[in-house]
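Engineer: give me coordinates for this.
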Amino acid sequence: MADLSLRKARTIIRKVFEVGREMELKPLSTVVLDAGGNVIAFERGDGAAPGRFQIAFGKAYGTVMLGMPGKAQMARAEQQPYFMTALAGVYGGNVVPVPGGVLVRNKKGVVVGAVGVTGDTSDNDATAALAGIESVGLFGEA
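Structural biologist: Below is the predicted model of the structure:
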């Protein structure tokens, strides 16, 4: 079975939404990408704004393409804004350098994908993403 299958991606999303409800967060949207940046699964929570796919995708895509979680991207953007601006151009604007983009690693430490969560504060988005990833026995790096 693949490290990050459709079944696991759907479980991650369900857990993200469950944690969001438990923490009383605003409506969340979640995307799960494979290691090549391809969408495995996406769901927009009830009441979430329609443009949330692009934000969730940008968080996850930048994370997996750079091999750098959202929190590290944000720090890099603050230190070297020209670099992140250039990367946004390289990746067609699909980089959202804030927490909520989380690398997914298998038990050997290999990056197998990324999760992007959006809807609440970026830190809360990352917390929900980590819970989703852990629920399928994988490891997140926020």
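Engineer: only C-alpha atoms from now on, for both contacts and neighbour counts.
Structural biologist: OK.
Engineer: where is the longest helix in this protein?
Structural biologist: helix 6-22 (DSSP state H).
Engineer: who does that helix touch, helix- and strand-wise?
Structural biologist: strand 29-34, strand 39-44, helix 122-134 (3 or more Cα pairs under 8 Å, 6 or more residues apart in numbering; DSSP states H and E).
Engineer: what about residue 23, how many residues nearby?
Structural biologist: Number of residues near residue 23 (other Cα atoms under 10 Å) recorded here: 12.
Engineer: mind checking which helix or strand of the chain has the lowest mean pLDDT?
Structural biologist: Lowest by mean pLDDT, DSSP states H and E among the helices and strands of the chain is helix 81-90, with a mean of 92.
Engineer: now do the strand ranked longest in the chain and helix 122-134, the angle between them.
Structural biologist: Using DSSP state E, we find that the single longest strand of the chain is strand 111-118. Strand 111-118 and helix 122-134 are oriented at 140 degrees to each other (axes from the mean of the first three to the mean of the last three Cα atoms, to 10 degrees).
Engineer: contacting residues around strand 111-118?
Structural biologist: Contacts with strand 111-118, where a contact means Cα atoms under 8 Å, 6 or more residues apart in numbering, come from 3-4, 28-37, 52, 55-61, 63-64, 67, 100-106, 125-126, 128-129, 133.
Engineer: and what of stretch 19-31?
Structural biologist: 13, 16-17, 39-48, 52-53, 56-57, 60, 115-120, 124-125, 128, 131.
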